[in-house]
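# Just a sequence and a predicted model for now, questions to come.
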Amino acid sequence: MRRNAGIDCLRGVAILLVVIHHLALRFPLHRTDLSHVLPERLLRALTWDGPKGVTIFFVISGFLITRTTLSRWGSPARLDLRSFMSRRAARILPCLLGLIAIASCLWGLGVPGFVPETPQQSLPGAVFAALFMHLNVYEAKAGYLPACWDVLWSLSVEEAFYVVFPLLCLTFGRRRHGLLLCVLALALAAPWCDWSLRDASEIWQEKAYGPGVSAIATGIVTALLLEPAPGNEARRVTALAGWSGLAGIGAYLVWSGPIWSVLSWGTALFFNSAIALAVWAFARGWSARTAQKGTLWLRRWGERSYEIYLSHMFVILPVVGLAHYMGLPSHWGWVSFLPVLCLAFALGSIVARHFSRPLDRYCLGWLARFRASPARP
């Protein structure tokens, strides 16, 4: 599949929100001198919108994995389970294993910022949880892990769903609209997922499987409903969906509190649907030329979002440590954001170009040769 400029821009926005959030937790933007220049509501939104960026990733991820499945096998019921799992492993494992190896070494060396603060946590436990898709459960029981480990909670949700996704395709994809009805039920369960967590711990409310699975299912529904519909009327519908989606995303990023006061437990469904509308419109070619004008930097962030997501804490933690060592006043914390963003992008680009993408191609090539080799008698 060719890259879509609009979807890459959305991914770029999502990863920027995550990186800014993780730095703003150390230097809250609304407490810096930027509060004299920019609206406090905007600065507070940038400080706390990281989890919303992860939700954008979930919806886009569900959409892309479904479109790739349909383009490769034509029908969900024809999905090749071994090929699907091999391709996901080739994309995910190189960076994941590299992060675990580096983070484990820093943990073992006792480097400040890379060692847990609670005695319930252990290195073998964290490694096992990261590899077997339940790091979010581990944190809910033992407390927050160091930041370089903590980012893996969302990967645990995605990986767990992608173990189930091919089984859903093979089971429900044989009937017309079978898979659509199944994932539509999961997508519409978003309000119930949030409501069911109302008495849970803060960590589990943020990192439970349910809300993430509903967001991913929303992306799958979007992909299954993506059908070509030429004509002026179709273009108007697509444009309306695109503008409505972007307006909904922007409104929730800045005014999540007022929206919650109106929609209550339906807020998650509102945000997921807004993302889905924008993705659906972009995938149908809406604003294709506009999305390419002056957005190369943002699209590059989106293209390398996975590598940036897994590596950016290795930039943030040293920069924050250096700022504290130099005695940087908190109201001057804003000066660290641009250098951190540049360094995080550079590190993610290096990882993508010289590590994850070459290993991805190597693993896929090795798997292709292995499957093509004749069986021995």
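Thanks, I have it. Numbers count the residues shown, from 1 in each chain.
# Tell me which residue is most central in this structure.
Phe57 (3.2 Å; C-alpha atoms, centre = their mean).
# and the closest residue to that residue other than its chain neighbours, how far is that from Arg236?
In space, Phe57 comes closest to Ala14 once its chain neighbours are excluded; the distance is 5.2 Å by C-beta to C-beta, 6 or more residues apart in numbering. (C-beta placed from N, C-alpha, C; glycine too.) Applying C-beta to C-beta, to the nearest Å, the value for Ala14 to Arg236 is 28 Å.
# residue ranges of the helices in the stretch 201-350 of the chain, please?
Under the criterion DSSP state H, counting those that start in this stretch, the stretch 201-350 of the chain contains helices at 202-207, 209-224, 232-254, 256-263, 267-283, 288-292, 296-303, 305-311, 313-325, 337-351.
# Can you tell me which of these has the worst average pLDDT?
Taking the mean pLDDT of each of those, the lowest value is held by helix 288-292, a mean of 83.
# In it, which residues are buried?
Buried positions in helix 288-292, judged by neighbour count with 16 or more other C-beta atoms under 10 Å: Ala291.
# Which neighbouring elements make contact with it?
helix 5-24 (3 or more C-beta pairs under 8 Å, 6 or more residues apart in numbering; DSSP states H and E).
# coming back round to it: the residue nearest to Phe57: neighbour count?
Around Ala14 there are 27 other residues, counting by other C-beta atoms under 10 Å.
# How about Gly50?
Gly50, neighbours per other C-beta under 10 Å, totals 20.
# which ones are touching it?
The neighbourhood of Gly50, defined by C-beta atoms under 8 Å, 6 or more residues apart in numbering, consists of 17-18, 20-22.
# Most neighbours among these, which one?
The most neighbours of any of those, using other C-beta under 10 Å, belong to Val18, which has 25 neighbours.
# which residues does it contact?
Contact analysis of Val18 by C-beta under 8 Å, 6+ apart lists 50, 53-54, 309, 312.
# again, only using 6 Å
50, 53 (C-beta atoms under 6 Å, 6 or more residues apart in numbering).
# Please report how far it lies from Leu180.
According to C-beta to C-beta, Val18 and Leu180 sit 30 Å apart.
# do Phe172 as well
Distance check for Phe172 against Leu180: by C-beta to C-beta, it reads 8 Å.
# buried residues in stretch 67-78?
67, 69-70, 73, 76.
# One more: stretch 307-321?
Neighbour-count burial for stretch 307-321, with 16+ other C-beta under 10 Å as criterion, is recorded at 307-317, 319-320.
# sorry, back to before: let me have the buried residues of stretch 67-78 in CSV, extended by pLDDT.
What follows is these, written out as CSV (pLDDT from 0 to 100):
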residue, pLDDT
Arg67, 94
Thr69, 94
Leu70, 92
Trp73, 93
Pro76, 92
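# so what's Cys169 up against?
Cys169 makes contacts with 76, 79, as judged by C-beta under 6 Å, 6+ apart.
# Ramachandran angles for it?
Dihedral angles phi and psi of Cys169 (degrees, to the nearest 10) take the values phi -60, psi -50.
# just use 661 as the starting number from now, easier for me
Okay, using 661 as the starting number, the last item reads as Cys829.
# Just give me the longest helix of this structure.
What stands out as the longest helix in the chain, according to DSSP state H, is helix 741-769.
# what's the angle from it to helix 973-985?
20 degrees (axes from the mean of the first three to the mean of the last three C-alpha atoms, to 10 degrees).
# and helix 741-769, which residues are buried?
For helix 741-769, a neighbour-count test (16+ other C-beta under 10 Å) marks 743-744, 746-752, 754-756, 758-760, 763-764, 766-767 as buried.
# Now the element after that helix, going C-ward?
As assigned by DSSP states H and E, the chain's next helix or strand after helix 741-769 is helix 783-791.
# can you list contacts of that next one?
With contacts defined as C-beta under 6 Å, 6+ apart, helix 783-791 is touched by 760, 767, 795, 798, 805, 809, 812.
# Tell me the buried residues in it?
By neighbour count on 16+ other C-beta under 10 Å, the buried set for helix 783-791 is 785-787, 789-791.
# got it, and stretch 1019-1031?
1019-1020, 1023-1024, 1027.
# Figure out the helix or strand that Phe687 lives in.
In the assignment (DSSP H and E), Phe687 maps to no helix and no strand.
# need the contact list for it.
Gly993.
# now the one 5 residues further on
By C-beta under 6 Å, 6+ apart, the contact list for Thr692 reads 991, 993-994.
# Would you mind listing which of those residues are buried?
Of those, these count as buried by 16+ other C-beta under 10 Å: 993-994.
# For the contacts of Thr692, give me CSV that also has pLDDT and distance to Ala850.
Output for the contacts of Thr692, formatted as CSV (pLDDT from 0 to 100; distance: C-beta to C-beta, whole Å):
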residue, pLDDT, distance to Ala850
His991, 91, 39
Gly993, 93, 35
Trp994, 95, 35
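# Between the contacts of Thr692, which sits nearest Val824?
Of all the contacts of Thr692, the one sitting nearest Val824 is Gly993; the distance, using C-beta to C-beta, is 41.7 Å.
# What sits closest to that closest one if chain neighbours are left out?
Of all residues not flanking Gly993 in the chain, Phe687 sits nearest, at 2.8 Å (C-beta to C-beta, 6+ apart).
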